[in-house]
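*Asks:* sequence-free structure coming up:
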């Protein structure tokens, strides 16, 4: 038994906002609330899964985040009242476990902690030993709440609160592909070289994004992840197979 | 043998674009595509082909092109000086470049982006369902001076011409928008300011977005940060400094600053066309009216083609 989106809207737990003439944002809870909200994420995922059906031939795109999902469509063949009527009738989960039990992908992601670059600062700031930090980071299970910032980059919720650290005062101009960063309650993996302000705790040898023949990412919102500590040698071997620089 | 056009000069400020690469925002890849869909519609329409045929979007530098092995027909949708072998030619007109002839296109004078459609459309490599270049993702053909671009073969197009559209000549545009999704994170004064004060297009602008300046800072009730969420074309985010930024074709797909409003596609295209320094104003409309406006724009564009 689910709960209708219409009911959530009436109870102030969800909000529909037109974005100009060709997109609709569905927000669960308060946008300003940056704490993890697995139920909001599960509800967003539910809408993502039904996006093509909801929009029909007018469908252009769908994107979701930790507590929102946006539908993009051709405004000439789909109007807001039609779309909203269908959305409001949707049954959404009443708890996040219903969604989590359905098939989402789980990944065991290799991570070489020895290739992290901010260990000194992290240990000092968090007042924990490197071994403890690695243990806390690697024993957690993470969930991908969205991809963004650059193609293939996953934002992961599930970081142990003991590892919460603000962004770097001075962001790096160039973070290498595969670096794993932490900030606040989240963890990310950089798919390609990029500027970045997150504390770097290790490097992952997997490719996360392919552009050809068709753009494709390894992860998608809803996936769950565990990190598996590997050695530098294992990193080199896998990185070579994967073809990452 | 396929027709080819050589881009001799101007690659730095041009790119291969069609209407965009949709279906990949959920993996962090934004659609890119032309900044002004109206020009792609008119230019391709004059050649009797669908609006989504790939062409060259160009802006601040002059282009020089040469037809290589066979004649090439094309339309330039821009207000700019065009010469073929030194002879002046009109925009919004089906023109022919004979094999070996050179075409010079000067930057648009009074708007920012022009679009060159080719008969048959460009036949560069498709990634997903589109040839659109996305610079930050490094997807799509990277242009360089001297590159030879393939074209799809097509029969001869009838010579057609239309008057340049009036939307390229807006001196003081009023840009329509719908509120939100985070309009309630701003003070009432901020919301009043946004919909009443004039803004200027700053020099900080590109295919990712346009920074607007001028007027009272838009204040947030508690702070500018939100749980990052998806960003639509034309969305206007306001970071802590209180100055709005309109997000355009090569925007990031998600972002963590409160969004006060979202422009209609037509208004976003008009904003993209504004030269640096141009004054604009914003006007709130309801979602239903935004869609009525989209219908009106589509009808007007079709009628423009039929004149």
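*Replies:* Cool, the structure landed. As the structure is a prediction and not an experimental result, all values here were calculated from the model.

*Asks:* list the contacts of the closest residue to residue B:293 other than its chain neighbours.
*Replies:* Leaving out its chain neighbours, the residue that sits closest to residue B:293 by Cβ to Cβ, 6 or more residues apart in numbering or on different chains is residue B:264, at 5.7 Å. Quick note: C-beta positions are derived from backbone N, CA and C, even for glycine. By Cβ atoms under 8 Å, 6 or more residues apart in numbering or on different chains, the contact list for residue B:264 reads A:20-21, B:176-178, B:234, B:285, B:290, B:293-294.

*Asks:* can you flag which of these belong to helices?
*Replies:* B:290, B:293-294 (DSSP state H).

*Asks:* pLDDT score assigned to residue 146?
*Replies:* Just going to use chain A. For residue A:146, the pLDDT comes out at 97.

*Asks:* oops, I was thinking of chain B
*Replies:* The predicted local confidence for residue B:146 is 98.

*Asks:* pretty sure it contacts residue B:7?
*Replies:* Yes. The pair residue B:146 and residue B:7 qualifies as a contact (Cβ atoms under 8 Å) at a distance of 7.4 Å.

*Asks:* more neighbours: which of the two?
*Replies:* Neighbour count, other Cβ atoms under 10 Å in any protein chain shown: between residue B:146 and residue B:7, residue B:7 has more, with 21 against 10.

*Asks:* could you check how far that one is from chain A?
*Replies:* Per Cβ to the nearest Cβ, to the nearest Å, residue B:7 is found 22 Å from chain A.

*Asks:* from residue A:243, how far out is that residue?
*Replies:* 31 Å (Cβ to Cβ, to the nearest Å).

*Asks:* so which of the contacts of residue B:264 are in strands?
*Replies:* B:176-178 (DSSP state E).

*Asks:* which ones are touching residue A:121?
*Replies:* Residue A:121 neighbours (Cβ under 8 Å, 6+ apart): residue A:199.

*Asks:* where does residue B:241 land on pLDDT?
*Replies:* The model's pLDDT for residue B:241 equals 95.

*Asks:* now it, nearest residue through space, not along the chain?
*Replies:* residue B:217 (7.0 Å).

*Asks:* grab the nearest non-local neighbour of the residue positioned nearest the centre of chain B.
*Replies:* Among the residues of chain B, the one closest to the centroid is residue B:35, at 1.3 Å (Cα atoms, centre = their mean). Of all residues not flanking residue B:35 in the chain, residue B:272 sits nearest, at 4.1 Å (Cβ to Cβ, 6+ apart).

*Asks:* avg pLDDT for the helix or strand that neighbour falls within?
*Replies:* Here residue B:272 sits within helix B:265-273, counting by DSSP states H and E. Helix B:265-273 carries an average pLDDT of 98.

*Asks:* just checking, what packs against it?
*Replies:* Helices and strands touching helix B:265-273, by 3 or more Cβ pairs under 8 Å, 6 or more residues apart in numbering or on different chains; DSSP states H and E, are helix B:37-46, strand B:174-179, helix B:287-306.
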